[in-house]
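Undergrad: Build me a model:
(one chain, ligands or ions: 1)
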Amino acid sequence: MGKYIINGDKRLTGEVSIFGAKNAVLPILAATVIGNNQSTIYNTPNLRDVEIMKKILISVGCIVEKIDNIMYVDSRPLNSFIIPDDLVREMRSSIILMGAMLSRCKEVLISYPGGCEIGPRPIDLHLKALKDLGTEIEESHGFLHCKTDGLKGCDIQLDYPSVGATENTILAAVFAEGTTIIRNAAREPEIVELQNYLNKCGARVSGAGTSIIKIEGVEKFNDVKHTVISDRIEAGTFMVASAITGGEVVIKNIETDHLQAITAKLRESGSLIYNDSSSIKIVGPRKVNSIEMIQTLPYPGFPTDMQAQMMALLSIANGTSIISETVFENRFKHAEELTRMGANIKIIGRVAVIKGVKELTGAKVKSKDLRGGASLVLAGLAAKGSTEVDNIHHIERGYEDFDLKLKELGADIKKVD
Ligand code: EPZ
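TA: As a prediction, this is how the structure comes out:
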């Protein structure tokens, strides 16, 4: 499973460049099956989840090649609408293939993606939207068999601005007859990125980034080349790495506009932050200030994917901070591991009360999920002594060369398989 061994209490300094966004490249790779065309995607990160999506595309007949950070997908030979069950279980976000496969094949068979470490992860909003567009869905034996005689555009009101449900609906609507309007759509930058890719293919999508998205159905796609935006959560994670070690780190190749909520909270906790449109410099404080309240919210609110990282930082703050996790049901598993490192954290339902301590001490801890695992690494960077973070396969789902990048910034970290 692999582990990181970190000797902490070292200031991070230097520059780090951010790779392509996992949560942007996954829906774009799903979209490559729609158009019976060739897609060349640049700046794709080397991550386990991207590898799984590549296996899925190959399993339905696509030609897929990846050289360094360039992914080539030719979906013309696609010959199956069955998504392999074992791969769906490995990566639940493969559910966004439903919309894309319905647009391409008018049929898809996919297993019900289970819950995961951060909650039950229901897909009711996805299914309701696909049914509104004219999909018949039969659920049996843990599988979803979806079929349509032809998707028809319509008005769809999402009960919650779900990122995945918004993406699935867009992917199902691009070839639908007529126009689809999605209201209460997710506004994440990754949705804008999906719109940009699809429109380069010849789709007619508008409004992404706002809560009302319009998709006018078209009949075919052309070949496309596209460069994926950088990963705002990887960037935020390195920002916290600088803040928690009192370091001075410049983060390059980012869209600083996507980091506003994270920047605001890091400033509130005492970091000095200077930025231009594509890079940001974080000078961590000698002593971290507590933050009265962080509430995770859909974009542009504070991202749930940065909650664990901020909990690590606030564990060594002056005073008591409160984090309210409003997006996922069970996303505090890292708290008990941080407590093993000396943190003083109380969980009451979906609220964490973090009473800052003078310092953390190294310990043996276990990653339970992607961002929680990253937060344990961040805590280890600041802790006195040696920290062993186990089950790092969770972390490698979302961070390419995490240890190597931290080492280049001066961290004493090594990976042990
Ligand atoms: C995406 O997950 C991201 N994953 C998550 O990142 C991210 O945390 C999340 O959006 C929120 O920003 C990818 O993009 C691959 P949601 P998604 O649908 O689409 C409930 C990471 O660490 N809900 O916006 O699954 C759901 O249970 C990952 O990179 C329903 O109730 O998120 C959750 O409580 C973790 N019914 C809330 O909405 C539905 O049909 C937000 O889920 C769908 C969702």
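
Undergrad: what's whichever residue of the stretch 201-350 of the chain sits closest to the ligand in contact with, if anything?
TA: Ranking the residues of the stretch 201-350 of the chain by distance to the ligand (C-beta to the nearest ligand atom) places residue 305 first, at 4.4 Å. All C-beta atoms are positioned from the backbone trio N, CA, C, and that covers glycine. The neighbours of residue 305, taking C-beta atoms under 8 Å, 6 or more residues apart in numbering as the test, are 233, 236, 371.

Undergrad: Distance check, the first one against residue 287.
TA: Right, the one you point to is residue 233. According to C-beta to C-beta, to the nearest Å, residue 233 stands 26 Å off from residue 287.

Undergrad: higher neighbour count, the two?
TA: Just comparing residue 233 and residue 287: by other C-beta atoms under 10 Å the higher neighbour count belongs to residue 233, 23 against 13.

Undergrad: and that one, helix, strand or coil?
TA: helix (DSSP: H, G, I helix; E, B strand; the rest coil).

Undergrad: Now the phi/psi pair for the closest residue in space to residue 159 that isn't next to it in sequence, please.
TA: Taking C-beta to C-beta, 6 or more residues apart in numbering, and ignoring the residues beside it in sequence, residue 159 has residue 125 as its nearest neighbour in space, at 6.1 Å. Dihedral angles of residue 125 (phi, psi; degrees, to the nearest 10) stand at phi -70, psi -40.

Undergrad: between the contacts of residue 305, which is nearest residue 130?
TA: For the contacts of residue 305, the closest approach to residue 130 (C-beta to C-beta) belongs to residue 233, at 27.5 Å.

Undergrad: Now for that closest one: which residues touch it?
TA: Neighbours of residue 233 in contact, by C-beta under 8 Å, 6+ apart: 21, 22, 23, 303, 305, 306, 371, 398.

Undergrad: With residue 215 instead?
TA: Neighbours of residue 215 in contact, by C-beta under 8 Å, 6+ apart: 153, 170, 173, 174, 176, 179, 180, 181, 182, 203, 204, 205.

Undergrad: before we move on, the earlier item: what's the separation between the residue nearest to residue 159 and residue 89?
TA: Distance of residue 125 to residue 89, computed by C-beta to C-beta: 21 Å.

Undergrad: Neighbour count for those two, which is higher?
TA: Under the criterion of other C-beta under 10 Å, the comparison of residue 125 against residue 89 puts residue 125 first, with 20 against 13.

Undergrad: Next, the buried residues of stretch 210-219.
TA: 213, 214, 215, 217, 218 (16 or more other C-beta atoms under 10 Å).

Undergrad: Stretch 250-268 too?
TA: Neighbour counts over stretch 250-268 (16+ other C-beta under 10 Å) mark 250-251, 253-256, 258-259, 261-263, 265-266 as buried.

Undergrad: List the ones among those that fall in helices.
TA: 261, 262, 263, 265, 266 (DSSP state H).

Undergrad: For those residues, give me a markdown table that also has pLDDT.
TA: As requested, those are arranged in a markdown table below (pLDDT from 0 to 100):
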| residue | pLDDT |
| --- | --- |
| 261 | 98 |
| 262 | 98 |
| 263 | 98 |
| 265 | 98 |
| 266 | 98 |
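
Undergrad: Pull the most distant pair out of the residues you listed.
TA: Across these (C-beta to C-beta), the longest gap, 9.9 Å, separates 261 and 266.

Undergrad: hmm, back to that, just give me the closest of the buried residues of stretch 210-219 to residue 45.
TA: Of all the buried residues of stretch 210-219, residue 213 has the smallest distance to residue 45: 25.6 Å, by C-beta to C-beta.

Undergrad: element containing the residue sitting furthest away from the middle of the chain, please.
TA: Distance from the C-alpha centroid of the chain, by C-alpha atoms, centre = their mean, peaks at residue 149 (33.2 Å). Using DSSP states H and E, residue 149 falls within no helix or strand.

Undergrad: From residue 105, how far off is the closest residue to residue 138 other than its chain neighbours?
TA: Nearest non-adjacent residue to residue 138, counting by C-beta to C-beta, 6+ apart: residue 145, 4.5 Å away. Per C-beta to C-beta, residue 145 is found 12 Å from residue 105.

Undergrad: More neighbours: which of the two?
TA: Neighbours per residue, other C-beta under 10 Å: of residue 145 and residue 105, the larger number sits with residue 105, 19 against 16.

Undergrad: Show me which residues of the chain sit near the ligand.
TA: Neighbours of the ligand within the chain, by C-beta under 6 Å from any ligand atom: 23, 26, 93, 119, 121-126, 160, 162-165, 186, 304-305, 327-328, 370-371, 398.

Undergrad: Of those residues, grab the buried ones for PyMOL.
TA: To isolate the buried ones among the residues of the chain next to the ligand in PyMOL, judged by 16+ other C-beta under 10 Å, type:
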select buried, resi 23+26+93+121+123+125+126+162+163+164+165+186+304+305+327+328+370+371+398
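
Undergrad: Could you tell me which of the residues of the chain next to the ligand are located in helices?
TA: Using DSSP H, the subset of these located in helices is 23, 26, 124, 125, 126, 163, 164, 165, 370, 371.

Undergrad: so who does the residue nearest to residue 84 when sequence neighbours are not counted touch?
TA: Spatial nearest neighbour of residue 84, chain neighbours left out: residue 59 (5.0 Å); criterion: C-beta to C-beta, 6+ apart. By C-beta under 8 Å, 6+ apart, the contact set of residue 59 is 80, 83, 84, 87.
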